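*Asks:* curious how this folds, go ahead:
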Amino acid sequence: MAPEAVGTVEAVEPEGAVAEAAARSYPIVADVNVRSGPGTSYRKVGRLSAGSRVTIACQKPGETVTGPTGTSNIWDRIGSGRYVSDTYVRTGSSGYVAPRC
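*Replies:* Next up, the predicted model:
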């Protein structure tokens, strides 16, 4: 028979919503320009094709845009100085799905 461990506790970290959101990627639903900030007046820094996937680091309010999934002022930061309108990303929500920037 193995001896019992006395005074030890195994720590189990629950998977938090923040960690889950950070690791999740979302599909782009239509070709979209990537901007340097949260609006169409910001410089274009790239383009994403429909079907590609992005990880949302954080979200912030900006210019209101009407796109394939509706109308919203939420912009998704997908990298440093890289934003896309949330209306081009299928997140399954009309609200925030990541921390605010």
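
*Asks:* what is the subsequent helix or strand relative to the worst-scoring helix or strand of the chain on mean pLDDT?
*Replies:* Each helix and strand of the chain was given a mean pLDDT (mean pLDDT, DSSP states H and E); the minimum falls on helix 17-23 at a mean of 49. Note on helix 17-23: by DSSP states H and E, the next helix or strand toward the C-terminus is strand 25-27.

*Asks:* show residues contacting stretch 26-37.
*Replies:* 40, 42-56, 62, 67-69, 75, 78, 81-85, 88-91, 97 (Cβ atoms under 8 Å, 6 or more residues apart in numbering). C-beta coordinates here come from the backbone N, C-alpha and C atoms, glycine included.

*Asks:* quick check: residue 48 vs residue 28, distance?
*Replies:* 5 Å (Cβ to Cβ, to the nearest Å).

*Asks:* ok, and the closest non-adjacent residue to residue 57?
*Replies:* In this structure, residue 57 finds its nearest non-sequential neighbour in residue 77, 4.9 Å apart by Cβ to Cβ, 6 or more residues apart in numbering.

*Asks:* low-confidence ranges in the chain?
*Replies:* For the chain, the stretches flagged by pLDDT under 70 are 1-23.

*Asks:* can you rerun that using 50?
*Replies:* Low-confidence segments of the chain, defined by pLDDT under 50, span residues 2-22.

*Asks:* can you tell me the centre-most residue of it?
*Replies:* Nearest to the mean C-alpha position of the chain, by Cα atoms, centre = their mean, lies residue 56 at 2.0 Å.

*Asks:* this protein: strands as residue ranges?
*Replies:* 25-27, 32-35, 44-48, 53-55, 58-67, 70-79, 82-85 (DSSP state E).

*Asks:* which helices and strands does the fifth one pack with?
*Replies:* The helices and strands touching strand 58-67, judged by 3 or more Cβ pairs under 8 Å, 6 or more residues apart in numbering; DSSP states H and E, are strand 70-79, strand 82-85.

*Asks:* for the last one, C-alpha coordinates in CSV please.
*Replies:* In this case it means strand 82-85. The C-alpha coordinates for strand 82-85 follow below in CSV (Å, rounded to 0.1, in the frame of the first residue of the first chain):
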residue,chain,number,x,y,z
ARG,A,82,-4.2,46.1,-37.3
TYR,A,83,-8.0,46.5,-37.0
VAL,A,84,-11.0,45.2,-38.8
SER,A,85,-14.6,46.1,-38.4
